[in-house]
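K.L.:
following is a predicted model, sequence given first.
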Amino acid sequence: MLEILLLIIYSAIFCILIARTSLFKAKDLTVLFVCIAFFVKAVAGVLYGYLHQYYFIGGDTIDFFNAAEQISSTFFKYPSYYFSSWFWMNPEMPDKSVFYYPEWSFIKKDFGTYLLVHIHAIPQLISFGFYNVHIVFVAALSLLASINFYRALRDTINLPKNFLIFSCFFMPSVLFWTAGLHKDVWIYFGLSLIMLSLRKLILHQKIALTELLSGIIIIALFRYYLILLIFPALLSIMWSVFNDNKSPLLKFTITYTIFLITFLLLEILSVYPILELISARQQEFLSETGNSGIPEAEALKPNLLSMLIQFPNAIINVCFRPFLWDCNDVLQYVAALETIVFWFFVIVSLPLRRTEKAANPMSYFLFFYSVSNLLLIGMLVCNVGTIVRYRSIAFSMLFVVVLQAFDYIKIGLKKRQLKKLSTTKSSKNNTAAINSNL
């Protein structure tokens, strides 16, 4: 009963903030719509927690919550331990029941997880230990990220409003996988800040440093390797915009080619063992247990030949799995159907040509970052469930690029209708002229 009461109270507070502050406002979006979107995200979060707690019997999101609860419990009982551990002072454990803070080597390896559980230890003081109360805060963060994406894309992408709303707020995979106590919602939020900075870049040819640096820092804290994928995309779009948007495709291709050659040279010259790091990380994913592991997945060897051999499988895994005939649960069936719908849109859009006079650099940013992210996921991850979660944000960004084709369909239908009307009008004029001659 207390949990339901807290959910209502905190949800009401956020609805008041949505109505009263400009933070949650966007052009063409009503307060009612934003509140509904917040409610949908909150419900998705409750469902996410319920499935992991009772259907999957745990999972990372429950482990993170339990760890946050342990950290929070030391705040009043052992305050010196609590604050010392925040600053990695490696304090002595006062009790075996408290959260054990790992050595710096582990923290450096997975700082995102370490930071996440500490962040959720703060709301524990006002959530009374209820998982779903945390979900209200996660839903608010996810909502803010969706609004940022909508603001950024509304003024830079040629996309009908309904399609834009769907891709920013209700894309199933993003809606679900950014709803739990996980790092994904923070990655989503960080990317949304970068998108806001790119909006200002495209519209005013100015760099919004606050949004850009904030987004980069947030992403680096939770998944630092994504910065290596974002950086060439940022350089490419800046080059394109400051050069009057001339040949953005060529600029993106050149930039990514330079980065790829640089990485290869670092490996060949033994300056930095990039392939060895990729192989080691793939081994960690390969050791994951569960009913959604890819049985035919093979270990990557730290050499170029092994990477090239595994490349086709990587594309199949990240772009097409899970297959309908391999699905084991409801979530996998939903992911499979979403993948089918995505490729349906891709196939329909292939024969369509662009109708815009100038190429859109934002579309190229979305495309190149998303594709590079998906390829990395395909090379590393060997578990279908993890693939679906990791690729969700990149898939949604790529979906925006694909959906633009349907605006071209709309334009094409209007042209056909106008042509038909002009033909009918011309036919009537000819008939009238013949009748007058008679």
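P.N.:
Received the coordinates, thanks.
K.L.:
who are the contact partners of Phe252?
P.N.:
Counting by CB atoms under 8 Å, 6 or more residues apart in numbering, Phe252 touches Ala233, Ser236, Ile237, Ser240, Tyr364, Phe365, Phe368. Every C-beta, even on glycine, is put in place using the N, C-alpha and C of the backbone.
K.L.:
and which of these is nearest Asn158?
P.N.:
Minimum distance to Asn158 across these is 13.5 Å, recorded for Tyr364 (CB to CB).
K.L.:
give me the number of residues near the closest one?
P.N.:
21 (other CB atoms under 10 Å).
K.L.:
same deal with Asp28?
P.N.:
Other residues close to Asp28 by other CB under 10 Å number 10.
K.L.:
cool, and Thr262?
P.N.:
Look at Thr262: counted by other CB under 10 Å, it has 11 neighbours.
K.L.:
tell me the secondary structure for it?
P.N.:
On the three-state scheme (DSSP: H, G, I helix; E, B strand; the rest coil), Thr262 is labelled helix.
K.L.:
which one of the contacts of Phe252 is nearest Ile254?
P.N.:
Ranked by distance to Ile254 (CB to CB), the contacts of Phe252 are led by Ser236 at 8.1 Å.
K.L.:
quick one: contacts of the one helix or strand that closest one maps to?
P.N.:
Assigned by DSSP states H and E, Ser236 belongs to helix 227-242. The contact list for helix 227-242, computed with CB under 8 Å, 6+ apart, reads 194, 198, 201-202, 205, 207, 212, 216, 219-220, 246-248, 251-252, 255-256, 258-259, 361-362, 364-365, 368-369, 372-373, 376.
K.L.:
which residues sit against the helix or strand where Gly45 lies?
P.N.:
If you go by DSSP H and E, Gly45 is part of helix 31-50. Helix 31-50 has contacts (CB under 8 Å, 6+ apart) with 7, 11, 14-15, 18-19, 24-26, 61-62, 131-132, 135-136, 138-140, 142-143, 146-147, 169-170, 175-177, 179-181.
K.L.:
now intersect the residues you listed with the helices, please.
P.N.:
Counting by DSSP state H, the part of the contacts of helix 31-50 found in helices is 7, 11, 14-15, 18-19, 61-62, 131-132, 135-136, 138-140, 142-143, 146-147, 175-177.
K.L.:
re the thing from before, just the buried members of the contacts of helix 31-50?
P.N.:
Among the contacts of helix 31-50, those classed as buried by 16 or more other CB atoms under 10 Å are 7, 11, 14-15, 18, 24, 26, 61-62, 131-132, 135-136, 138-140, 142-143, 146-147, 169, 175-177, 179-181.
K.L.:
in the protein, which residue is most central in space?
P.N.:
Nearest to the mean C-alpha position of the chain, counting by CA atoms, centre = their mean, stands Ile393 at 2.2 Å.
K.L.:
burial measure for the closest residue in space to that one that isn't next to it in sequence, as a count.
P.N.:
Nearest residue to Ile393, sequence neighbours excluded (CB to CB, 6 or more residues apart in numbering): Tyr188, at 5.5 Å. Tyr188: 24 surrounding residues under other CB under 10 Å.
K.L.:
pull the contacting residues for Tyr188.
P.N.:
Tyr188 makes contacts with Ser142, Ala145, Val174, Thr178, Ile393, as judged by CB under 8 Å, 6+ apart.
K.L.:
in which helix or strand does the last one reside?
P.N.:
If you go by DSSP H and E, Ile393 is part of helix 384-437.
K.L.:
average pLDDT for that helix?
P.N.:
The average pLDDT within helix 384-437 is 67.
K.L.:
just stretch 123-130 next, same as before
P.N.:
78.
K.L.:
can I get it in PDB, CA atoms only?
P.N.:
The C-alpha coordinates for stretch 123-130 follow below in PDB (Å, rounded to 0.1, in the frame of the first residue of the first chain):
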ATOM      1  CA  PRO A 123      16.800   7.800  -3.900                       C
ATOM      2  CA  GLN A 124      16.800   4.800  -1.500                       C
ATOM      3  CA  LEU A 125      16.600   7.400   1.300                       C
ATOM      4  CA  ILE A 126      13.200   8.500   0.000                       C
ATOM      5  CA  SER A 127      12.000   5.400  -1.700                       C
ATOM      6  CA  PHE A 128      11.800   3.300   1.400                       C
ATOM      7  CA  GLY A 129      13.400   0.400  -0.400                       C
ATOM      8  CA  PHE A 130      10.700   0.000  -3.100                       C
END
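K.L.:
so for it, what gets flagged as buried?
P.N.:
Going by neighbour count (16+ other CB under 10 Å), the buried part of stretch 123-130 is Pro123, Gln124, Ser127, Phe130.
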